[in-house]
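**Student:** Turn this into a structure:
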Amino acid sequence: MLDGRAPANNSPIRVNIIPGSKVRYSGGGFVVMQQLVIDVASQPFSQYLNTFVLQPLGMTNSTFEQPLAESKAPNAAHGYYAGRTAVKHGWHIYPEIAAAGLWTTPTDLARYVIAIQQTFAGKCAPVISQSLTREMLTPQKENVGLGLMLTHHYFAHEGRNEGFDCLLIGNTETGSGLVLMLNANDDTGVLQSLKKFLAHTYQWPRSQ
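**Tutor:** Presented below is the predicted three-dimensional model:
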C-alpha cells in the first residue's frame, strides 16, 4: 500500500503538497502512522492499539483486527450500499487498519468521546495527557484539529467504509455528545437529520 504496488489498489502514498499548507483528508497519512507504530512497537498494530488505547478507554467491544476473528464475526453487522445492495461477504477487509479498520459499537465510540471530554477538562487521562488533548482540539488549519473537525466547543468526525456510515460529536464545554452508526451507505442525509433532531431536542448550542 505504501508504494502502491499490486495487490494494493491505491496510488503510492507520497507527500505531494507542503505539509500544513491546506486541509485535506489523508487516509494515507494514517497508514504511514500505522507503519510507524508497527516499527517502533515491534508488534501488530491491532495488538498495540488494544493494549494502549481500547482497553484503557473501556472499549471492550472494539478491535482493529483485520480480518475479523471468526469468534467475533457473528456479532458483526453486515453492510449495505446506498442502493440497498449487500456488501459481498458482509463487509470489506481493510489492510489500511489505522484509517479504516476499526470495528466498534456506538457505546464504545461514545466512551472515546467521553474520554476526550474528561481528559480535556483534566478529570482523567487514560490514554493521552490533558495538554496533548488540548492540542488535539486546537485548530491546526482552518477548522481542523489533530484528526477531528472543530466548531467552537464541538469536535466531530464522520466516517464511511463500504456498507457503513458513522458520525460522532462531542462538546467540551457542556459534556454533551452523540454517536450515530448505520450499517449502510446512506446518501439521503439521515445521520445529519438525526443530529439536528437530537440537537434540537436536547437544546444544544447552535454552533453545530
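
**Student:** For this structure, which segments are assigned as strands?
**Tutor:** For the chain, the strands defined by DSSP state E occupy 149-151, 154-161, 164-171, 177-182.

**Student:** how about the first one: buried residues?
**Tutor:** Under the neighbour-count criterion of 16 or more other Cβ atoms under 10 Å, strand 149-151 has 149-150 buried. Yep, even glycine has a C-beta here, placed from its N, CA and C like the rest.

**Student:** what about that strand, distance to the chain center?
**Tutor:** Relative to its chain's centre, strand 149-151 lies at 14 Å (Cα atoms, centre = their mean, to the nearest Å).

**Student:** same question, stretch 32-50
**Tutor:** Offset of stretch 32-50 from its chain centre (Cα atoms, centre = their mean): 17 Å.

**Student:** And stretch 46-64, by the same measure?
**Tutor:** Worked out by Cα atoms, centre = their mean, stretch 46-64 lies 13 Å from the chain centre.

**Student:** any low-confidence regions in this structure?
**Tutor:** Within the chain, the segments meeting pLDDT under 70 span 207-208.

**Student:** all helices of it, in order?
**Tutor:** Along the chain, counting by DSSP state H, helices occupy 27-41, 45-49, 97-100, 106-120, 130-136, 190-201.

**Student:** how about the ones you listed, which one is nearest Thr174?
**Tutor:** Of all those, helix 106-120 sits nearest to Thr174, with 9.2 Å by Cβ to Cβ.
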